[in-house]
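A.B. asks: missing the sequence, but the structure's below:
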């Protein structure tokens, strides 16, 4: 015979005191991040929470940009999340990168396509991977550098988005080497023109990026 349903009174049910706040923060994070697969993202969220790792949460709600080359679901906000999770070490293992990529519900074929741009084994330098990912968000090298600066900067959102000029040069050279249309001479000539804009070893968006105006 089936067991009878057990009835509990309110006094017998123990609710952990931290549970309401955990659920509240989880709900806010899910609304802000808008994951494509809530269950998959939730598993990664609570795993990170239990380990004390950076959580897979966007800073704010955002919409995919129309300038993306393909509809990959990848946005600057998601790259910021990955940066928070992976930038604590110079290199990130491909296993860890794949796990964090899946948690954000991004297509694995897109990750494999990015890694094919600069094949590696076992791990990849984080800043290089970030640069590769930024290159898919815009249609030009300067657009990729804009996204890179906005992710890497410690300036407040909407500020000059400054990063060390040495880092800018390192990544710009890296991306330009992967572009057969850009010669090494052109790269060095361009970087030389930027040096006059460098202040205290830092470069910001206004020093190299001019937004295109829409036609009237």
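C.D. replies: Arrived safely, thanks for sending. Please read these numbers as outputs of a predicted model, since none were measured by experiment.
A.B. asks: and the helices in the protein?
C.D. replies: In the chain, the helices defined using DSSP state H lie at 19-33, 38-51, 76-86, 94-103, 108-117, 126-134, 141-152, 165-177, 184-194.
A.B. asks: out of those helices, which is closest to residue 203?
C.D. replies: Proximity to residue 203, assessed across the helices of the chain by Cβ to Cβ, is greatest for helix 165-177 (4.7 Å). Every residue, glycine included, has its C-beta placed from N, CA and C.
A.B. asks: what sits against residue 186?
C.D. replies: Residue 186 sits next to residue 176 when contact means Cβ atoms under 8 Å, 6 or more residues apart in numbering.
A.B. asks: and residue 66, what pLDDT?
C.D. replies: We have a pLDDT of 45 for residue 66.
A.B. asks: per-residue confidence for residue 6?
C.D. replies: pLDDT, residue 6: 64.
A.B. asks: any idea which residue is closest to the centre of the protein?
C.D. replies: residue 79 (0.9 Å; Cα atoms, centre = their mean).
A.B. asks: and that residue, what does it touch?
C.D. replies: So residue 79 contacts 130, 133, 134, 137, 147, 151 (Cβ under 8 Å, 6+ apart).
A.B. asks: could you rerun that using 6 Å?
C.D. replies: 133, 151 (Cβ atoms under 6 Å, 6 or more residues apart in numbering).
A.B. asks: and if you look at residue 198?
C.D. replies: Residues in contact with residue 198 (Cβ under 6 Å, 6+ apart) are residue 165.
A.B. asks: burial count for residue 187?
C.D. replies: 18 (other Cβ atoms under 10 Å).
A.B. asks: coming back round to it: so for the residue nearest to the centre of the chain, what's the pLDDT?
C.D. replies: On the pLDDT scale, residue 79 is placed at 97.
A.B. asks: can you redo the helices of the chain as a markdown table with distance to residue 200?
C.D. replies: Below are the helices of the chain laid out as a markdown table (distance: least, Cβ to Cβ, whole Å):
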| stretch | distance to residue 200 |
| --- | --- |
| helix 19-33 | 34 |
| helix 38-51 | 35 |
| helix 76-86 | 23 |
| helix 94-103 | 33 |
| helix 108-117 | 33 |
| helix 126-134 | 21 |
| helix 141-152 | 16 |
| helix 165-177 | 9 |
| helix 184-194 | 14 |
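A.B. asks: so for residue 201, which of those sits nearest?
C.D. replies: Of these, nearest to residue 201 by Cβ to Cβ is helix 165-177, at 5.7 Å.
A.B. asks: tell me which other helices or strands the closest one touches.
C.D. replies: If contacts are counted by 3 or more Cβ pairs under 6 Å, 6 or more residues apart in numbering; DSSP states H and E, helix 165-177 sits against helix 126-134, helix 184-194.
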